[in-house]
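Participant: Okay, structure incoming, though there's no sequence with it:
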């Protein structure tokens, strides 16, 4: 095979100036290492920050918004059908925050193949009573198992056993901020009053820390039945149904469909948290730009070294041509040199990049806001490694292309006569 | 019946930098198989320019060139490279070996490129040629460890590797002392007699030229004595 001969010649030229070749390869290695480490780290952070909100946000949330009725009584009356009715001072009606016919809706949702799972929820504003002071807050009645499964509830319970919420009657998991204000320990009993005047003593079975301090200062969790008891409502009372889909991108369409089908309000995750998507997009963009800039700089290094090599190897090129190697062969030889530098440097870069990622992954990162995170987060997406090696080969190919073309056009007569 | 190996038909060449000058003026001659020809003339008479046209490396000329009864006009760069590889062996004034390779590999490269024989056969043939030129002991040395005379002999071995139709030399002894010049000449002479190898050597060494079978004398871009 002729390519073997060309590869052999490329190898000999490469090794004849192995120091230069090494410097060029180290340039590529360095850029790929930084590219991999940077992207892994940036995306790890992205995932962490997104997870902070997105993990616990349902893809579609069904609820009844407090809003004025679209159909005012006057419009329903036959007497006033003929004209256009102006109504002043319309008030919102919030008398029934629950979802109507919740059991049937939940059944319909669980039969939908697009749905990964759902968790019913009751939210109720409350007052925590501690001695003479009252602290305003919110108690969410949740299905602990579904909530842990879909929204990682367990991860955010920093003390106590989350399943006790289900197993112990009249129990509550307090937000860390609330607990600090109430000076409550696990096992203590706290008094909770609803806005409607219902009052219930609840046993503290755990603490909850979300990473968002403002939330922890108001939010507590109880089981659905405890919340229903607290509010004095029957056991079909549900205010929210949180749906997680198999594909996040379907959320807006599903939300529209559910709103129409179930006669409730439905909000999708994209609408609720659009700013997070923008944030991650910009961060990812920046890390790609930095990584690719590094590679282009390495590409210029290779370009310089190959150019220099061609000036040094004029005689070699001339003699190869005189003895029957075509311009195409010479071009392949120099492209081979460039791609070998790119491949070796790139592969080494992948290995070092992975090592550096592992190292970053070991650096302690403790913050009160993120109880589940102990070290810097790193994303090991194989996609970055594929992009890394593809870009290493692409930049070295381009860096080698022009010098190689120049080499292929060298006129052997000029070199041989020129001595 | 003499077989024509190389034929130059009304070849003219101009240099256009800085002014248009005609360096070769309508040269026509042919070389038959087995001839040992030298081209002589004063410096600047165009003999090297002619050689590069005959060797197909320079394609910027008028007229036509036939090698092995085949016109070189209109051939692509890759086709010409193939013809150089297969039919022409080169010996230059400055040996021009590749310093990155061993002597053996230098000799083998054109053979490997031609791919007429498998690699071990090419290696065997290369060793044969080195042995014939009495330098087989240097086979595994790097090219830059050799003396000038040795290098030129390696270059001759390389020129022979593909059994070329013709060997072309551009002042092959120009850079060598008397003793080494004699060795190189003796090799050419032996190739001519023993193998009926066709040789075309450009030289301004009158002693060298005088010992060849045919001397083409050039002056001012013209052949004044076709030998």
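Facilitator: Great, that's in hand. Predicted model only: the values in this text are computed from it and were never measured.
Participant: what's the helix or strand for the spatially closest residue to residue A:324 that is not a sequence neighbour?
Facilitator: Using Cβ to Cβ, 6 or more residues apart in numbering or on different chains and skipping residues adjacent in sequence, the residue nearest residue A:324 is residue B:85, 2.2 Å away. For every residue, glycine as well, the C-beta is placed using N, CA and C. Assigned by DSSP states H and E, residue B:85 belongs to helix B:77-87.
Participant: ok, and what's touching that helix?
Facilitator: Helix B:77-87 has contacts (Cβ atoms under 8 Å, 6 or more residues apart in numbering or on different chains) with A:321-329, B:55-57, B:59, B:67-68, B:72, B:75, B:90, B:110, B:113-114, B:162, B:164-166.
Participant: Skip the chain neighbours and tell me the closest residue to residue 119.
Facilitator: Reading this off chain A. residue A:146 (3.9 Å).
Participant: That was the other one, I meant chain B.
Facilitator: Closest residue in space to residue B:119, ignoring its immediate chain neighbours: residue B:112 at 6.5 Å, by Cβ to Cβ, 6+ apart.
Participant: centre of the chain versus the one helix or strand the one you found maps to, how much separation?
Facilitator: Using DSSP H and E, residue B:112 maps to helix B:103-114. Here the centre of mass of C-alpha atoms in helix B:103-114, compared against the chain's by Cα atoms, centre = their mean, to the nearest Å, lies 16 Å away.
Participant: could you give the angle of it to helix B:77-87?
Facilitator: For helix B:103-114 against helix B:77-87, the angle by axes from the mean of the first three to the mean of the last three Cα atoms, to 10 degrees is 120 degrees.
Participant: right, and the helix or strand after helix B:103-114?
Facilitator: Downstream of helix B:103-114 (by DSSP H and E), the next one is helix B:119-132.
Participant: Now do whatever helix or strand comes next after the helix holding residue B:85: which elements does it pack against?
Facilitator: With elements assigned by DSSP H and E, the helix or strand that comes after helix B:77-87 is strand B:88-91. In terms of contacts (3 or more Cβ pairs under 8 Å, 6 or more residues apart in numbering or on different chains; DSSP states H and E), strand B:88-91 is packed against helix B:148-160, strand B:166-170.
Participant: residues in contact with strand B:88-91?
Facilitator: A:322-323, B:55-56, B:67, B:84, B:152, B:155-156, B:158-162, B:164-170, B:172.
Participant: Listing request: residues of chain B with sub-threshold pLDDT.
Facilitator: Scanning chain B for pLDDT under 70 picks out B:1-2, B:95.
Participant: how about the residues of it near chain A?
Facilitator: Residues of chain B lying close to chain A (Cβ under 8 Å from any Cβ of the partner chain) are B:48, B:52, B:55, B:57-58, B:77-78, B:81-86, B:90, B:92-94, B:96-101, B:109-110, B:112-115, B:158, B:170.
Participant: Mark which of these are buried, thanks.
Facilitator: B:48, B:52, B:55, B:57-58, B:81-86, B:90, B:92-94, B:96-98, B:100-101, B:109-110, B:112-114, B:158, B:170 (16 or more other Cβ atoms under 10 Å in any protein chain shown).
Participant: What does the pLDDT read for the residue nearest to residue A:119?
Facilitator: If you check residue A:146, the pLDDT there is 87.
Participant: can you count the residues close to it?
Facilitator: 18 (other Cβ atoms under 10 Å in any protein chain shown).
Participant: For it, which residues are in contact?
Facilitator: Per Cβ under 8 Å, 6+ apart, neighbours of residue A:146: A:117, A:118, A:119, A:120.
Participant: was I right about residue B:37 contacting residue B:213?
Facilitator: Yes - if you go by Cβ atoms under 8 Å, residue B:37 and residue B:213 touch, sitting 6.8 Å apart.
Participant: Neighbour count: those two, which is higher?
Facilitator: Higher neighbour count among residue B:37 and residue B:213: residue B:37, with 22 against 13, using other Cβ under 10 Å.
Participant: how much space between that one and chain A?
Facilitator: 20 Å (Cβ to the nearest Cβ, to the nearest Å).
Participant: circling back: between the helix holding residue B:85 and strand B:166-170, how big is the angle?
Facilitator: Going by the same axes, to 10 degrees, helix B:77-87 makes 100 degrees with strand B:166-170.
Participant: So what's the gap between helix B:77-87 and the chain middle?
Facilitator: 14 Å.
Participant: Likewise for stretch B:93-104?
Facilitator: When distances are taken as Cα atoms, centre = their mean, stretch B:93-104 is centred 16 Å away from the chain's centroid.
Participant: Determine how far the last residue of it lies from the first.
Facilitator: Chord length of stretch B:93-104, first to last residue, is 20 Å (Cα to Cα, to the nearest Å).
Participant: Close to chain B: what parts of chain A are there?
Facilitator: A:2, A:5, A:9, A:12-13, A:15-16, A:315-316, A:318-329, A:411-413, A:416-417, A:419.
Participant: now with 7 Å?
Facilitator: Within reach of chain B by Cβ under 7 Å from any Cβ of the partner chain, chain A has these residues: A:2, A:5, A:12-13, A:16, A:315-316, A:319, A:321-328, A:412-413, A:416-417, A:419.
Participant: domain ranges for chain A?
Facilitator: A:2-54+A:276-418, A:60-76+A:95-269 (automatic domain parsing).
Participant: Which residue would be the closest one in chain A to chain B?
Facilitator: Of all residues in chain A, residue A:324 sits closest to chain B, at 2.2 Å by Cβ to the nearest Cβ.
Participant: Since that was my last question, I'll sign off now.
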